[in-house]
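Participant: Need coordinates for the below:
(one chain, ligands or ions: 1)
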Amino acid sequence: MKQGIVYLIGAGPGDPGLITVKGQECLRRAEVVIYDYLANPAFLDEAPACAERIYVGKTRGCHHTPQESINRLLAEKAKQGKVVARLKGGDPYVFGRGGEEALHLHHEGVRFEVIPGVTAGFAAAAYAGIPLTHRDFTTSLALVTGHENPEKKMSSLDWQKLATGVGTLAFYMGMANLPLIAEQLMAHGRPADTPVAVIRWATTPRQRTLVATLADVVEKVRQAAFKPPAVIVVGEVVRLREQLRWFDDRPLFGKRVLVTRTAEQAGSFGRLLEAQGAEAISCPVIDIVPPPSWEELDREIDGLEQTDILILTSANAVDAFFERLRACGRDVRALHGVTVVAVGPKTAAAIETRGLRPDLVPADYRAEGVVALLLERGVAGKRVLYPRAEIARELIPRELSAAGASVAAPVVYRTLAPTQGKGQVLAALEEGIDAVTFTSSSTVENFVAMLGDDAPQRLEKVPVISIGPLTTATARRLGLTVAAEAAASTLEGMVEAMVEYFSRNPEVRIQKPE
Ligand code: SAH
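Facilitator: Residues are numbered from 1 along each chain as shown. Predicted coordinates:
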């Protein structure tokens, strides 16, 4: 039998970008993934689809799986010859009981490797704008547990030395004992005005930072109802946050933005939103499915030698066209001599990934722009191929035919409303959403169809952001109020519109999940 192995992997503090390359690589080979609540669930998608996934999470006071059972489980799976990825929040050997797990594996004779991770204290400080050391302020740092083994007394910490012998202190699991921590540090000689930062859900869009002093931190935390998980950083370096903040002062920081496009397309938009600090919540209200028949497109692909102009107005159309081209046994060479028109930069980028550069992109990224551009160049007598969505407007075929072109417009994809989406959308609205985004008329139509008659009422207090005039018109027709519309009909344009909207309306704040 193949020998099993356990990788104790540090998953980092929350931001999925903060796992190591090696950790990610192990995860991709895992046959069993054993994870707990501090490891970002997004990592589970990294493991092979067939890998077994076991949750052994625990939150304070509510131990889901006792440590002994976790230890046993790790050894047992490895002894079955499996590659086991044990994902642990932060670093496995920093207050994560990784040491206990490794010792158990050692005693059981099971092979293991440890892959360090970015520990919460380092990450929280970095993302809050606090250098844990800075030679003008401190030369030493201690990572301290604020919640010791329950059998031991908290007082086993050497408060005297911690209070005066170390520059910066980072307490983990310290929220419940915060009054004791503050009191002991002051009682043992740390000045009452020493700054303290409490950083919660660090590195995620839910990160919140509270700055206080040892004297008033308990009261401030109580007022703000700050809860774990949080790291408490004590020391003069906290003062640097004022100048060094970079994460939580981005324009859309903390905004929960509902993305209604298809699951496949949500990713790129999500990344743009996240780059500005928003949390993208994907609730696809659209599914892309193939047309009932490929017959018409196949005929056109067969006759590409006669085609003069190929018009592509969405990344979906690009994917469908090129995949069908391939299925028909042809490749991009079949487009030799064909003028390729992309409606806008996103479609152009999708075309480029297929090894082809579009010849024309209009200045106005809409069907109107394509028509204007082509009419200007003249289309009389030209053969035009326009692979399109079932619901695409007739504008392009109509205008180009009127100008003397012969236009074939085969349907290459259809958009459907997913049947399961309603619960997901309602749950997201219930939890609190700061903006809803619509990137096409069909997303609005499906969204409203999904929620039914009370859609406008449910969105009454939520700003609706639209990609452009057509989507806005559809939204208005269906009773929604559009808060902002992208100046350029692109995803980037939507993000800009949102940034601008929130800078004009800073008071817009929807309830946040705790
Ligand atoms: N092994 C982990 C620590 C586990 S102990 C590591 O290296 O980070 C759990 C404690 O870590 C929590 O009580 C909290 O103090 C801290 N913690 C973990 N993730 C955190 C996060 N995203 N934000 C703030 N604190 C976090």
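Participant: can you pull out the strands in the stretch 351-500 of the chain?
Facilitator: Counting by DSSP state E, counting those that start in this stretch, the stretch 351-500 of the chain has these strands, from start to end: 383-385, 388-389, 406-408, 411-416, 435-438, 464-466, 482-485.
Participant: correction: the stretch 201-350 of the chain
Facilitator: Going by DSSP E, counting those that start in this stretch, the stretch 201-350 of the chain shows strands at 208-213, 230-234, 256-259, 279-282, 287-289, 309-312, 339-342.
Participant: Format those strands as JSON lines; extra columns: distance to the ligand, mean neighbour count and mean pLDDT.
Facilitator: To be clear about C-beta, it is placed using only N, CA and C from the backbone, and glycine gets the same treatment. Conversion of the strands of the stretch 201-350 of the chain to JSON lines gives the following (distance: least, C-beta to the nearest ligand atom, whole Å; neighbours: other C-beta atoms under 10 Å; pLDDT from 0 to 100):
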{"stretch": "strand 208-213", "distance to the ligand": "10", "mean neighbour count": "19", "mean pLDDT": "97"}
{"stretch": "strand 230-234", "distance to the ligand": "4", "mean neighbour count": "28", "mean pLDDT": "98"}
{"stretch": "strand 256-259", "distance to the ligand": "18", "mean neighbour count": "25", "mean pLDDT": "94"}
{"stretch": "strand 279-282", "distance to the ligand": "14", "mean neighbour count": "20", "mean pLDDT": "91"}
{"stretch": "strand 287-289", "distance to the ligand": "34", "mean neighbour count": "16", "mean pLDDT": "85"}
{"stretch": "strand 309-312", "distance to the ligand": "43", "mean neighbour count": "25", "mean pLDDT": "97"}
{"stretch": "strand 339-342", "distance to the ligand": "41", "mean neighbour count": "22", "mean pLDDT": "97"}
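Participant: Could you dump those into CSV and include distance to Phe137?
Facilitator: What follows is the strands of the stretch 201-350 of the chain, written out as CSV (distance: least, C-beta to C-beta, whole Å):
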stretch, distance to Phe137
strand 208-213, 15
strand 230-234, 12
strand 256-259, 35
strand 279-282, 33
strand 287-289, 55
strand 309-312, 57
strand 339-342, 54
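Participant: out of these, which comes closest to Arg477?
Facilitator: Across the strands of the stretch 201-350 of the chain, Arg477 has its closest neighbour in strand 256-259 (20.1 Å, C-beta to C-beta).
Participant: Which neighbouring elements make contact with the closest one?
Facilitator: Judged by 3 or more C-beta pairs under 8 Å, 6 or more residues apart in numbering; DSSP states H and E, the packing partners of strand 256-259 are helix 263-275, strand 279-282, helix 421-431, strand 435-438.
Participant: just to revisit the earlier point, of all the strands of the stretch 351-500 of the chain, which one is nearest the ligand?
Facilitator: With C-beta to the nearest ligand atom, the closest approach to the ligand among the strands of the stretch 351-500 of the chain belongs to strand 435-438: 24.4 Å.
Participant: What are the contacting residues of the closest one?
Facilitator: 255-260, 269, 444, 447, 459, 462-467, 471, 475, 483, 494, 498, 501 (C-beta atoms under 8 Å, 6 or more residues apart in numbering).
Participant: How much space separates Leu356 from the ligand?
Facilitator: Between Leu356 and the ligand the computed distance is 44 Å (C-beta to the nearest ligand atom, to the nearest Å).
Participant: ok, that residue touching Val340?
Facilitator: Yes - in this structure Leu356 lies within contact range of Val340 using C-beta atoms under 8 Å: 6.5 Å.
Participant: residue ranges for the helices of the stretch 1-150 of the chain, please.
Facilitator: Along the stretch 1-150 of the chain, the segments classed as helices by DSSP state H, counting those that start in this stretch run 21-29, 67-79, 98-108, 120-128.
Participant: right, so of those helices, which gets closest to Gln424?
Facilitator: Comparing the helices of the stretch 1-150 of the chain by C-beta to C-beta, helix 21-29 comes nearest, at 26.1 Å.
Participant: quick one: buried residues of the closest one?
Facilitator: 23, 26-27 (16 or more other C-beta atoms under 10 Å).
Participant: Now Leu258. Nearest residue, chain neighbours left out?
Facilitator: Leaving aside its sequence neighbours, Leu258 sits nearest to Val436 (C-beta to C-beta, 6 or more residues apart in numbering; 4.5 Å).
Participant: Any idea how many residues pack against the one you found?
Facilitator: The number of residues packed near Val436 is 27, by other C-beta atoms under 10 Å.
Participant: Use 17 as the first number from now on
Facilitator: In the new count, where the first residue is 17, that last one comes out as Val452.
Participant: can you pull the contacts of Pro29?
Facilitator: Residues in contact with Pro29 (C-beta under 8 Å, 6+ apart) are 54, 105-106, 134-136, 139-140, 218-219.
Participant: Can you tell me which of those are also in contact with the ligand?
Facilitator: Near the ligand, judged by C-beta under 6 Å from any ligand atom, the entries from the contacts of Pro29 are 54, 105-106, 135-136, 140, 218-219.
Participant: Return the item of the residues you listed having minimum pLDDT.
Facilitator: Minimum pLDDT across the ones next to the ligand among the contacts of Pro29 is recorded for Leu54, with 72.
Participant: Quick check: it touching Leu103?
Facilitator: No - if you go by C-beta under 8 Å, Leu54 and Leu103 don't touch, sitting 9.2 Å apart.
Participant: Those two: which has the busier surroundings?
Facilitator: Legend: neighbour count by other C-beta under 10 Å for Leu54 and Leu103, higher for Leu103 (32 against 19).
Participant: contacting residues for that one?
Facilitator: Contacts of Leu103 by C-beta under 8 Å, 6+ apart are 25, 27, 43, 49-52, 55, 59.
Participant: Could you do Ala55 as well?
Facilitator: Ala55 sits next to 27, 103-105 when contact means C-beta under 8 Å, 6+ apart.
Participant: What separation is there between it and the ligand?
Facilitator: Distance, Ala55 to the ligand, by C-beta to the nearest ligand atom: 9 Å.
Participant: just curious, which of the ones next to the ligand among the contacts of Pro29 is nearest to the ligand?
Facilitator: Distances from the ligand to the ones next to the ligand among the contacts of Pro29, taken by C-beta to the nearest ligand atom, are shortest for Gly106, at 1.9 Å.
Participant: Pairing partners for that closest one in the sheet, please.
Facilitator: Applying DSSP bridges to Gly106 yields these beta-bridge partners: Gly28.
Participant: Go ahead and confirm it touches Leu54.
Facilitator: Yes - with contact defined as C-beta under 8 Å, Gly106 counts as touching Leu54 (6.8 Å).
Participant: Noted, bye for now.
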